[in-house]
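J.: return a 3D structure for these sequence lines:
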Amino acid sequence: MPYPRHVDDDSYTLLTLPGIKSALERVEEELRIAVKAEEPLLTKLSRHLIDAGGKRIRPSLAIASSQILEDKPAAPSREVILGGVAVELVHQGSLYHDDVMDGAKTRRNVKSVNEEWGNHEAILGGDYLLARASEIAAGLGAEVAGLLATTIAALCEGQIREVNSAYDITRTEDAYMSSISGKTGALLSASAKVGAIVSVYPEEVVKAVTEFGNLYGIAFQIVDDLLDVMASEKELGKPSGNDMLEGVYTLPVIRALKGPNGEALIDLLSNPISSDKRDEALMLVRSDEAIISTIETALDFTHEAKQSLKDLPDNPTAEILKSTCTILANQVNHFKK
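T.: Sure, this is the predicted structure:
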């Protein structure tokens with residue numbers, strides 16, 4: 001089931017946060033400490049994707065939210081770093097399980113854990129990462145522990161909604177939004193919230209950054225889903241329309257199914273399709289006004305994410321968070337031309 005894969009530039013904006021490079025180096029060190037197990041194979045499994053790299057958007061959001069009231073941010077506390085580690089471990093664990101469900105062979109340009117060692121090992125590795133995340137969260141207090149537990153539950157609910165809607169041409173926009181709020185919005189929201197909680201910020205600040213994370217996460221997923229149908233194979237590094245091959249009908253497809261090309265799309269998408277049929281379906285979706293309306297929806301969410309920070313101090317961290325929304329919007333804005 002698809003997680004955001006194509007949205008790249010936002011992490012580079014977050015890397016302009018004051019002191020972020022040294023902070024993320026601390027995150028990397030703590031990640032490796034966290035996953036060390038008595039059983040060497042479990043350590044190897046758990047480090048596989050950590051060692052493969054990644055943009056660490058979720059720890060970066062935790063660090064950013066911890067600096068949201070500071071004009072000249074100091075180095076993040078160890079509690080902030082551990083909060084970032086906890087949300088990153090949840091993300092990593094969810095990827096292990098996701099790859100088993102999809103039968104994915106690669107992840108981050110290396111073999112997936114299930115491809116390298118097998119499904120049983122990948123499931124256990126994912127479980128271990130979630131367990132270690134929960135242990136770290138418990139050490140940060142009851143509120144963080146509860147937040148992480150709620151977030152993991154939301155991830156599961158979002159994912160099961162998507163699984164249950166495979167090849168469902170009657171999937172509604174509400175069902176789609178509910179799914180992506182769980183599987184993408186919830187973890188980015190938690191990432192922003194944890195930094196504010198451990199920094200002991202006032203409730204209104206915690207609420208603002210939490211809302212930012214949720215809205216940004218929803219926009220992030222909608223943009224990713226747009227790119228899956230609009231970007232070229234060269235841009236994606238894989239054939240366009242992969243979600244349709246998997247029977248995952250995202251917002252532009254849901255809207256196109258109700259448009260002028262709806263009947264032709266219904267004939268194509270009611271059952272699993274071949275690559276040739278996928279290309280035919282892509283042409284129908286791309287020619288539909290659903291693309292423009294979905295772009296507008298993504299832009300609305302990026303605007304709302306910016307607005308969620310309007311009552312917070314105007315400082316470099318707030319500006320950087322807002323600029324991530326602008327960059328996200330720019331990735332699909334050009335499709336309107």
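J.: pull out the buried residues from the helix or strand hosting Lys306.
T.: Element membership of Lys306 [criterion: DSSP states H and E] is helix 290-307. Neighbour-count burial for helix 290-307, counted by 16 or more other CB atoms under 10 Å, picks out 290-291, 294-295, 297-299, 301-302, 304-306. Glycine gets a C-beta too; all of them are placed from N, C-alpha and C.
J.: I'd say Asp168 and Tyr249 touch.
T.: Yes. Counting by CB atoms under 8 Å, Tyr249 is a contact partner of Asp168 at 6.9 Å.
J.: show me which of the two is the more surrounded one.
T.: Neighbours were counted for Asp168 and for Tyr249 using other CB atoms under 10 Å; Tyr249 has more, 26 against 15.
J.: list the contacts for the more buried one?
T.: 165, 167-169, 171, 176, 243, 257, 269 (CB atoms under 8 Å, 6 or more residues apart in numbering).
J.: may I see these organised as JSON lines, with secondary structure added?
T.: As requested, the contacts of Tyr249 are exported to JSON lines (DSSP: H, G, I helix; E, B strand; the rest coil):
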{"residue": "Ser165", "secondary structure": "coil"}
{"residue": "Tyr167", "secondary structure": "coil"}
{"residue": "Asp168", "secondary structure": "coil"}
{"residue": "Ile169", "secondary structure": "coil"}
{"residue": "Arg171", "secondary structure": "coil"}
{"residue": "Tyr176", "secondary structure": "helix"}
{"residue": "Asp243", "secondary structure": "helix"}
{"residue": "Leu257", "secondary structure": "coil"}
{"residue": "Leu269", "secondary structure": "helix"}
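J.: and those residues, which of them are buried?
T.: In those, burial by neighbour count holds for 165, 169, 171, 176, 243, 257, 269, counting by 16+ other CB under 10 Å.
J.: quick check: which of the residues you listed has the minimum pLDDT.
T.: Within the set of the buried ones among the contacts of Tyr249, pLDDT is lowest for Asp243 (89).
J.: still on that earlier bit, now distance to Glu263 too, for the contacts of Tyr249, in a markdown table please.
T.: Formatted as a markdown table, the contacts of Tyr249 follow (distance: CB to CB, whole Å):
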| residue | distance to Glu263 |
| --- | --- |
| Ser165 | 20 |
| Tyr167 | 17 |
| Asp168 | 17 |
| Ile169 | 11 |
| Arg171 | 17 |
| Tyr176 | 21 |
| Asp243 | 21 |
| Leu257 | 9 |
| Leu269 | 11 |
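J.: helices of the stretch 201-337 of the chain, start to end?
T.: For the stretch 201-337 of the chain, the helices defined by DSSP state H, counting those that start in this stretch cover 203-230, 233-236, 242-245, 251-256, 262-269, 275-286, 290-307, 316-333.
J.: return the member of those having the minimum mean pLDDT.
T.: Looking at the helices of the stretch 201-337 of the chain, the bottom one is helix 233-236 with a mean of 72.
J.: rounded mean pLDDT for stretch 66-84, please.
T.: Stretch 66-84 carries an average pLDDT of 93.
J.: again with stretch 137-155
T.: Averaged over stretch 137-155, pLDDT sits at 97.
J.: quick check: buried residues in that stretch?
T.: 137, 140, 144-145, 147-148, 151-152, 154-155.
J.: of those residues, which belong to helices?
T.: Using DSSP state H to define helices, the subset of those located there is 137, 144-145, 147-148, 151-152, 154-155.
J.: ok, of those, which one's closest to Ala190?
T.: Ranked by distance to Ala190 (CB to CB), those are led by Thr151 at 4.2 Å.
J.: that's all I had, so thanks and see you.
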